[in-house]
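Visitor: structure, please.
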Amino acid sequence: MRTRYFKKSTLAMLIPILLCLGSVSACARETNIVLPAPTLKESSTSRHEVIVLSGGCFWGIQGVFQHVKGVTNAISGYAGGKASTAQYEVVSGGTTGHAESVQVEFDPQQVSLGELLRIYFSVAHDPTELNRQGPDSGTQYRSAIWYSNGEQHKIAQAYITQLGKTGLFHDRIVTQINSLKAFYPAEDYHQNYLTLHPGSPYIAINDQPKIDNLKRLYPTVYRTDPVLVAQ
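Guide: Numbering: from 1, shown residues only. So this is what the prediction gives:
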(Lines give C-alpha, C1' and ligand atoms only; values in the text may rest on other atoms or scores of the structure.)
Protein backbone atom coordinates (compact mmCIF):
# COMPACT_ATOMS: atom_id res chain seq x y z
CA MET A 1 0.00 0.00 0.00
CA ARG A 2 1.22 3.48 -0.80
CA THR A 3 1.72 6.05 1.91
CA ARG A 4 -0.31 9.24 1.98
CA TYR A 5 2.25 11.38 0.17
CA PHE A 6 4.52 8.90 -1.56
CA LYS A 7 3.62 6.21 -4.03
CA LYS A 8 5.96 3.67 -2.51
CA SER A 9 8.32 3.27 0.39
CA THR A 10 12.01 3.85 -0.34
CA LEU A 11 12.67 0.13 -0.61
CA ALA A 12 9.69 -0.47 -2.86
CA MET A 13 10.79 2.34 -5.16
CA LEU A 14 14.27 0.83 -5.48
CA ILE A 15 12.87 -2.44 -6.81
CA PRO A 16 11.52 -1.04 -10.10
CA ILE A 17 14.71 1.02 -10.46
CA LEU A 18 16.81 -2.12 -10.31
CA LEU A 19 14.48 -3.95 -12.64
CA CYS A 20 14.62 -1.09 -15.13
CA LEU A 21 18.37 -1.39 -15.29
CA GLY A 22 17.90 -4.81 -16.82
CA SER A 23 14.76 -4.35 -18.86
CA VAL A 24 12.94 -1.33 -20.21
CA SER A 25 9.71 -3.33 -20.24
CA ALA A 26 9.87 -3.61 -16.45
CA CYS A 27 9.37 0.16 -16.22
CA ALA A 28 6.49 0.47 -18.64
CA ARG A 29 5.01 -1.77 -21.30
CA GLU A 30 3.05 0.76 -23.27
CA THR A 31 3.21 0.18 -27.02
CA ASN A 32 5.16 3.42 -27.49
CA ILE A 33 4.17 3.51 -31.15
CA VAL A 34 1.60 5.56 -33.02
CA LEU A 35 -1.60 3.54 -33.13
CA PRO A 36 -3.96 3.74 -36.11
CA ALA A 37 -6.78 6.23 -35.82
CA PRO A 38 -10.22 4.78 -35.11
CA THR A 39 -12.09 3.95 -38.30
CA LEU A 40 -15.49 4.61 -36.72
CA LYS A 41 -16.53 8.18 -37.47
CA GLU A 42 -17.70 10.39 -34.62
CA SER A 43 -20.80 12.54 -34.81
CA SER A 44 -20.59 14.70 -31.69
CA THR A 45 -21.35 18.40 -32.16
CA SER A 46 -20.84 19.19 -28.48
CA ARG A 47 -18.12 21.50 -27.17
CA HIS A 48 -17.86 19.61 -23.88
CA GLU A 49 -17.76 15.88 -23.12
CA VAL A 50 -16.53 13.77 -20.24
CA ILE A 51 -14.91 10.34 -20.31
CA VAL A 52 -13.43 8.52 -17.31
CA LEU A 53 -10.34 6.37 -17.86
CA SER A 54 -8.58 3.90 -15.57
CA GLY A 55 -5.17 2.38 -16.20
CA GLY A 56 -2.95 2.06 -13.18
CA CYS A 57 -1.97 4.89 -10.87
CA PHE A 58 -4.01 7.98 -11.56
CA TRP A 59 -0.95 10.23 -11.26
CA GLY A 60 0.35 9.14 -14.66
CA ILE A 61 -3.01 9.02 -16.44
CA GLN A 62 -3.85 12.50 -15.21
CA GLY A 63 -0.43 13.83 -16.16
CA VAL A 64 -0.69 12.52 -19.71
CA PHE A 65 -4.09 14.01 -20.46
CA GLN A 66 -3.22 17.32 -18.84
CA HIS A 67 -0.73 17.69 -21.69
CA VAL A 68 -3.26 17.03 -24.47
CA LYS A 69 -4.66 19.95 -26.48
CA GLY A 70 -8.44 20.13 -26.28
CA VAL A 71 -8.55 18.65 -22.77
CA THR A 72 -10.06 21.27 -20.48
CA ASN A 73 -9.66 19.39 -17.19
CA ALA A 74 -8.35 16.07 -15.92
CA ILE A 75 -9.21 15.10 -12.36
CA SER A 76 -7.83 12.13 -10.44
CA GLY A 77 -10.42 10.10 -8.57
CA TYR A 78 -12.27 6.84 -8.15
CA ALA A 79 -14.89 4.96 -10.18
CA GLY A 80 -16.62 1.61 -9.81
CA GLY A 81 -17.45 1.59 -6.12
CA LYS A 82 -19.60 3.38 -3.57
CA ALA A 83 -19.32 6.93 -2.28
CA SER A 84 -18.70 5.62 1.24
CA THR A 85 -15.46 3.89 0.18
CA ALA A 86 -14.09 6.56 -2.17
CA GLN A 87 -11.12 7.39 0.04
CA TYR A 88 -7.56 6.65 -0.92
CA GLU A 89 -6.57 4.59 2.09
CA VAL A 90 -9.65 2.39 1.66
CA VAL A 91 -9.41 2.03 -2.12
CA SER A 92 -5.76 1.00 -1.75
CA GLY A 93 -6.92 -2.18 -0.03
CA GLY A 94 -8.28 -3.42 -3.36
CA THR A 95 -11.67 -4.57 -2.05
CA THR A 96 -13.94 -1.58 -2.76
CA GLY A 97 -14.66 -2.13 -6.44
CA HIS A 98 -13.14 1.24 -7.19
CA ALA A 99 -10.42 1.78 -9.77
CA GLU A 100 -8.04 4.70 -9.62
CA SER A 101 -9.41 6.80 -12.47
CA VAL A 102 -9.19 10.13 -14.23
CA GLN A 103 -12.17 12.16 -15.35
CA VAL A 104 -11.15 13.75 -18.64
CA GLU A 105 -13.17 16.74 -19.78
CA PHE A 106 -12.57 17.71 -23.39
CA ASP A 107 -13.80 19.73 -26.35
CA PRO A 108 -14.65 17.27 -29.17
CA GLN A 109 -14.21 20.08 -31.69
CA GLN A 110 -10.53 20.29 -30.71
CA VAL A 111 -9.72 16.68 -29.88
CA SER A 112 -11.91 13.67 -30.62
CA LEU A 113 -12.65 10.82 -28.26
CA GLY A 114 -10.90 8.56 -30.75
CA GLU A 115 -7.71 10.62 -30.45
CA LEU A 116 -7.91 10.44 -26.66
CA LEU A 117 -8.29 6.66 -26.85
CA ARG A 118 -5.27 6.38 -29.17
CA ILE A 119 -3.23 8.10 -26.47
CA TYR A 120 -4.83 6.03 -23.71
CA PHE A 121 -3.99 2.73 -25.41
CA SER A 122 -0.58 3.82 -26.67
CA VAL A 123 1.31 5.94 -24.13
CA ALA A 124 -0.91 6.28 -21.04
CA HIS A 125 -0.90 2.61 -19.99
CA ASP A 126 -0.59 -1.00 -21.12
CA PRO A 127 -4.11 -2.32 -21.86
CA THR A 128 -2.97 -5.94 -21.82
CA GLU A 129 -2.03 -6.01 -18.13
CA LEU A 130 -4.79 -7.49 -15.99
CA ASN A 131 -5.39 -5.80 -12.64
CA ARG A 132 -1.98 -4.19 -12.55
CA GLN A 133 0.27 -1.58 -14.15
CA GLY A 134 4.03 -1.64 -13.77
CA PRO A 135 4.92 -1.97 -10.08
CA ASP A 136 1.32 -1.58 -8.89
CA SER A 137 -1.04 -4.56 -8.61
CA GLY A 138 -4.65 -5.02 -7.58
CA THR A 139 -8.09 -4.48 -9.07
CA GLN A 140 -7.84 -0.79 -8.20
CA TYR A 141 -5.25 -0.55 -11.01
CA ARG A 142 -7.35 -2.26 -13.68
CA SER A 143 -7.73 -0.98 -17.21
CA ALA A 144 -11.24 0.40 -17.80
CA ILE A 145 -13.16 2.93 -19.85
CA TRP A 146 -16.22 4.44 -18.17
CA TYR A 147 -18.50 5.88 -20.82
CA SER A 148 -21.04 8.67 -20.36
CA ASN A 149 -23.32 7.89 -23.32
CA GLY A 150 -24.08 5.32 -25.99
CA GLU A 151 -21.89 7.01 -28.59
CA GLN A 152 -18.83 6.76 -26.35
CA HIS A 153 -19.62 3.09 -25.67
CA LYS A 154 -19.81 2.36 -29.38
CA ILE A 155 -16.58 4.20 -30.16
CA ALA A 156 -14.64 2.48 -27.37
CA GLN A 157 -15.89 -1.00 -28.26
CA ALA A 158 -15.21 -0.52 -31.97
CA TYR A 159 -11.69 0.74 -31.32
CA ILE A 160 -10.77 -2.15 -29.06
CA THR A 161 -11.98 -4.54 -31.74
CA GLN A 162 -10.01 -2.64 -34.37
CA LEU A 163 -6.81 -2.66 -32.29
CA GLY A 164 -7.20 -6.36 -31.55
CA LYS A 165 -6.87 -7.08 -35.27
CA THR A 166 -3.66 -5.09 -35.76
CA GLY A 167 -1.27 -7.48 -34.05
CA LEU A 168 0.46 -4.51 -32.40
CA PHE A 169 -0.06 -5.74 -28.84
CA HIS A 170 1.88 -8.57 -27.26
CA ASP A 171 -1.25 -9.94 -25.54
CA ARG A 172 -5.03 -9.57 -25.62
CA ILE A 173 -6.46 -6.20 -24.61
CA VAL A 174 -8.21 -6.65 -21.24
CA THR A 175 -9.69 -3.15 -20.92
CA GLN A 176 -13.20 -3.17 -19.47
CA ILE A 177 -15.92 -0.93 -20.89
CA ASN A 178 -18.41 0.15 -18.24
CA SER A 179 -21.24 2.63 -17.92
CA LEU A 180 -20.19 5.43 -15.59
CA LYS A 181 -22.42 5.42 -12.50
CA ALA A 182 -20.46 7.95 -10.50
CA PHE A 183 -17.02 9.52 -10.29
CA TYR A 184 -15.52 10.66 -7.00
CA PRO A 185 -12.61 13.14 -7.08
CA ALA A 186 -9.54 12.05 -5.14
CA GLU A 187 -8.04 13.95 -2.25
CA ASP A 188 -6.39 17.28 -3.04
CA TYR A 189 -2.87 15.96 -2.53
CA HIS A 190 -3.32 13.58 -5.48
CA GLN A 191 -4.25 16.32 -7.93
CA ASN A 192 -1.53 17.58 -10.32
CA TYR A 193 0.85 15.12 -8.65
CA LEU A 194 3.09 14.57 -11.66
CA THR A 195 3.59 18.31 -12.15
CA LEU A 196 4.10 19.06 -8.47
CA HIS A 197 6.50 16.16 -7.76
CA PRO A 198 8.77 15.76 -10.81
CA GLY A 199 11.64 14.63 -8.57
CA SER A 200 9.74 11.65 -7.16
CA PRO A 201 11.48 8.40 -8.17
CA TYR A 202 8.10 6.83 -8.92
CA ILE A 203 7.15 9.71 -11.24
CA ALA A 204 10.56 9.79 -12.93
CA ILE A 205 10.55 6.07 -13.64
CA ASN A 206 6.92 5.27 -14.38
CA ASP A 207 5.20 8.46 -15.48
CA GLN A 208 7.57 11.01 -16.97
CA PRO A 209 8.41 8.64 -19.86
CA LYS A 210 4.71 8.69 -20.76
CA ILE A 211 4.81 12.47 -21.15
CA ASP A 212 7.96 12.19 -23.26
CA ASN A 213 6.33 9.58 -25.48
CA LEU A 214 3.20 11.69 -25.87
CA LYS A 215 5.31 14.59 -27.13
CA ARG A 216 7.31 12.34 -29.44
CA LEU A 217 4.49 10.25 -30.89
CA TYR A 218 1.61 12.73 -30.96
CA PRO A 219 3.25 16.15 -31.38
CA THR A 220 0.18 17.74 -32.98
CA VAL A 221 -1.92 17.27 -29.84
CA TYR A 222 0.83 17.79 -27.25
CA ARG A 223 0.69 20.91 -25.11
CA THR A 224 3.78 22.06 -23.23
CA ASP A 225 1.94 23.67 -20.34
CA PRO A 226 -0.44 21.22 -18.64
CA VAL A 227 -4.00 22.19 -17.81
CA LEU A 228 -4.05 21.84 -14.03
CA VAL A 229 -6.82 21.16 -11.54
CA ALA A 230 -7.64 24.37 -9.70
CA GLN A 231 -6.93 24.09 -5.98
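Visitor: looking at this structure, which helix is longest?
Guide: In the chain, assigned by DSSP state H, the helix with the most residues is helix 150-164.
Visitor: just the buried positions in that helix, please.
Guide: For helix 150-164, the neighbour count (16 or more other Cβ atoms under 10 Å) marks 151, 152, 155, 156, 159, 160, 162, 163 as buried. In short, each C-beta sits where N, CA and C put it, glycine included.
Visitor: farthest pair within the residues you listed?
Guide: Largest separation among the buried residues of helix 150-164 by Cβ to Cβ: 151 and 163, giving 18.7 Å.
Visitor: which residue is the nearest non-sequential neighbour of the residue nearest the centre of the chain?
Guide: By Cα atoms, centre = their mean, the chain has its centre lying nearest to residue 61, at 3.1 Å. Closest residue to residue 61 apart from its sequence neighbours, by Cβ to Cβ, 6 or more residues apart in numbering: residue 102 at 4.4 Å.
Visitor: returning to what we had before: okay, the buried residues of helix 150-164 in TSV with pLDDT next?
Guide: Converted to TSV, the buried residues of helix 150-164 look like this (pLDDT from 0 to 100):
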residue	pLDDT
151	96
152	97
155	97
156	98
159	98
160	98
162	98
163	97
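Visitor: which residue is the nearest non-sequential neighbour of residue 115?
Guide: residue 221 (6.3 Å).
Visitor: contact partners of the helix or strand containing residue 52?
Guide: Taking DSSP states H and E as the definition, residue 52 sits inside strand 49-55. With contacts defined as Cβ atoms under 8 Å, 6 or more residues apart in numbering, strand 49-55 is touched by 61, 65, 79-80, 99-108, 113, 116, 120, 124-127, 133, 141-148, 152, 175, 180, 183.
Visitor: list the strands paired with that strand, with their directions.
Guide: Partners of strand 49-55 in the sheet, by DSSP bridges, are strand 99-106 (antiparallel), strand 143-147 (antiparallel).
Visitor: returning to what we had before: for the residue nearest to residue 115, grab the count of nearby residues.
Guide: 20 (other Cβ atoms under 10 Å).
Visitor: give me the buried positions along the helix or strand encompassing residue 90.
Guide: Here residue 90, judged by DSSP H and E, is contained in helix 88-91. For helix 88-91, a neighbour-count test (16+ other Cβ under 10 Å) marks 88, 90, 91 as buried.
Visitor: any chance you could map the helices in the protein?
Guide: 10-22, 58-66, 88-91, 113-119, 150-164, 193-196, 201-202, 208-217.
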